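A.B. asks: Pasting the sequence and the predicted coordinates here, then a few questions.
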Amino acid sequence: MKNSYKILIAFIGVLLVSCNADDVENRPVVDAGTAPVLLTPLTGFSIVLSKETGKDIATTVTWNKATYTGQQTVVNYTIQIAKAGTNFANPSTVSNTTANSKELTVEELNSAVLNGGFTPYQSNDVDVRIKSVVGATGLPQYSNAFTIKVTPYAAWANWGLIGSATPNGWNDPDTDLNYDLATKKYSYVGPLIVGEIKFRLDDGWAVNYGDDGNDKKLDAGGANIPITSAGNYTVIVDIANKEYTIQKN
């Protein structure tokens, strides 16, 4: 009886191995077929983005679907942008979808362009393409690319430098600070003379910062910050953490 059980168990084991092998051999294989084809926006499309119309539709990106052979599965699409002429060496993602079209609002396009390293308030040449994959990352295929022109707006607060040490003194306009999207800090690189400076928001005095203790900590409405030696300076301001540095170059 024991031998009979052993033979039966061995037989079942052989069947399982055989079935698993057949499953692997007969499993449908998915391969790349045809790449997606970008249809719109066409090369020559140009748009100036405005914060006041942020919820409006800036453009609709459309494309023909990619195909894959073998077992049917979900195809995911990514709208990518890059600086024109770079062959998408460092692409930036605009949006992900399983559809073959996407309406982009002014806010969405503006954010994508800024994240891609493009300059606000300047017309930028932007390459657009579609990437398709099976599942999350499998078998990527890329569409053709079109080059459009996009003028984004700055999506961050407008901080400036003002004071007797700055190029315009205490007079308007103040000296705008540059914003670094990566570090989330503002900066000024340029000449300062002996005098004083402060930081203010939106070219007005409703929100301004000085330094009461001259300890590189910002204080709302604080004392003027002294500049004791003329020269070229790098000023870096971290508004979020209320800190700043002033370094003579």
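C.D. replies: Received, thanks.

A.B. asks: which regions of the chain sit below the pLDDT cut-off?
C.D. replies: When residues are selected by pLDDT under 70, those of the chain lie in 1-28.

A.B. asks: In it, what residue spans correspond to helices?
C.D. replies: 2-26, 106-115 (DSSP state H).

A.B. asks: how far away is residue 141 from residue 163?
C.D. replies: Residue 141 sits 56 Å away from residue 163, going by C-beta to C-beta, to the nearest Å. For the C-beta atoms, the positions are set from N, CA and C on the backbone; glycine is no exception.

A.B. asks: out of the two, which sits in the busier spot?
C.D. replies: residue 163 (22 against 19; other C-beta atoms under 10 Å).

A.B. asks: Leaving out chain neighbours, which residue sits closest to residue 222?
C.D. replies: Nearest non-adjacent residue to residue 222, counting by C-beta to C-beta, 6 or more residues apart in numbering: residue 210, 3.2 Å away.

A.B. asks: my bad, residue 220
C.D. replies: Leaving aside its sequence neighbours, residue 220 sits nearest to residue 209 (C-beta to C-beta, 6+ apart; 6.2 Å).

A.B. asks: count of neighbours near the one you found?
C.D. replies: Neighbour number of residue 209 under other C-beta under 10 Å is 20.

A.B. asks: Can you name the residues bridging to it?
C.D. replies: Counting by DSSP bridges, residue 209 forms beta bridges with residue 199, residue 220.

A.B. asks: tell me the contacts of it?
C.D. replies: Each residue near residue 209 by C-beta atoms under 8 Å, 6 or more residues apart in numbering is listed here: 198-200, 218-222, 239, 242.

A.B. asks: do the same with residue 164
C.D. replies: Contact analysis of residue 164 by C-beta under 8 Å, 6+ apart lists 170, 193, 195-197.

A.B. asks: try 7 Å this time
C.D. replies: 170, 195-196 (C-beta atoms under 7 Å, 6 or more residues apart in numbering).

A.B. asks: Same check on residue 36?
C.D. replies: Residue 36 sits next to 63-66, 77, 130, 132, 141, 143 when contact means C-beta under 7 Å, 6+ apart.

A.B. asks: measure the residue positioned nearest the centre of the chain to residue 134 for me?
C.D. replies: Nearest residue to the geometric centre of the chain (C-alpha atoms, centre = their mean): residue 115, 2.5 Å. Residue 115 sits 26 Å away from residue 134, going by C-beta to C-beta.

A.B. asks: before we move on, what about residue 30?
C.D. replies: Per C-beta to C-beta, residue 30 is found 6 Å from residue 134.

A.B. asks: Need the overlap of contacts for the two.
C.D. replies: Counting by C-beta under 7 Å, 6+ apart, the contacts common to residue 30 and residue 134 are 68, 73.

A.B. asks: Mind checking which of these two has more residues around it?
C.D. replies: Remark: of residue 30 and residue 134, residue 134 carries more neighbours, 20 against 16, as counted by other C-beta under 10 Å.

A.B. asks: Can you list the buried residues in the longest strand seen in the chain?
C.D. replies: Using DSSP state E to define each element, the chain has its longest strand at strand 124-134. Residues of strand 124-134 classed as buried: 124, 126-134 (neighbour count, 16 or more other C-beta atoms under 10 Å).
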